[in-house]
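Visitor: A structural model of the following input is requested.
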Amino acid sequence: MRAIPLTVTALAAALLLTACNDSGGDKNGKSGSACEIGGVSLQIGAASVAPAAGDTGEIPVSITNQSAPCTLDDFPQAVLSGGGSKARVPVLKGAKAQKLKLAKGDSASFSISYVRGKEGAKNVLAARTVEITLPGSDSGRTFPWKYGPVAGKADGSGPDASVSAFQQVGD
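Guide: The predicted structure is shown next:
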């Protein structure tokens, strides 16, 4: 008679283990410990602004965890908006995402690189804002875009810009 409860317990444990996925998140792949905009400080730093059309600029973005430990797993999302248009900034070609765990007070950063476009030219996004969303989060934070128009890629596939992978800041 004792074999039945033991068998049922083992079967229940096996079913629970198969319900998990490799990412540690729920069945939709969302991690319960993903860094959220409300739990972190998000700031755009002093930019290396592209001074003229065709020049490249770089905008650093820093994230500091203000709450419980959280994880940055994948790439940040940046969406440029202006002039009635929106465009998602693609990931830097060849970049590899790394999983960073941030304890309270820990920081990470990434950058947005862009090619400045000529004001009023065809295939140029007259960006006015950039919305940044962290991986695993549905809410973003919008910042003013003060760096001029963004050139479009020659093939018309979007802005000539990219976001880098997260990098740990500090020790």
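Visitor: Which residues are in contact with the spatially most central residue of the chain?
Guide: The residue lying closest to the centre of the chain (CA atoms, centre = their mean) is P76, at 0.8 Å. Contact analysis of P76 by CB atoms under 8 Å, 6 or more residues apart in numbering lists 61, 110, 132-135, 163, 166. All C-beta atoms are positioned from the backbone trio N, CA, C, and that covers glycine.
Visitor: got it, and Y114?
Guide: Contact analysis of Y114 by CB under 8 Å, 6+ apart lists 50, 56-59, 89, 147, 150-151, 159-162.
Visitor: just these now: which is nearest G105?
Guide: Checking those against G105 by CB to CB gives I59 as the nearest, at 23.7 Å.
Visitor: quick one: the closest one and A50 touch, right?
Guide: No: at 10.1 Å, I59 does not count as touching A50 under the criterion of CB atoms under 8 Å.
Visitor: Could you pull out the helices in the protein for me?
Guide: Remark: helices assigned in the chain by DSSP state H are 3-19.
Visitor: Any stretches of it with poor pLDDT?
Guide: Within the chain, the segments meeting pLDDT under 70 span 1-32, 171.
Visitor: how does it look with 50?
Guide: Within the chain, the ranges that satisfy pLDDT under 50 run 1-32.
Visitor: what sits opposite R88 in the beta ladder?
Guide: Applying DSSP bridges to R88 gives these bridge partners: V79.
Visitor: ok, it touching V79?
Guide: Yes: counting by CB under 8 Å, R88 touches V79, with 5.2 Å between them.
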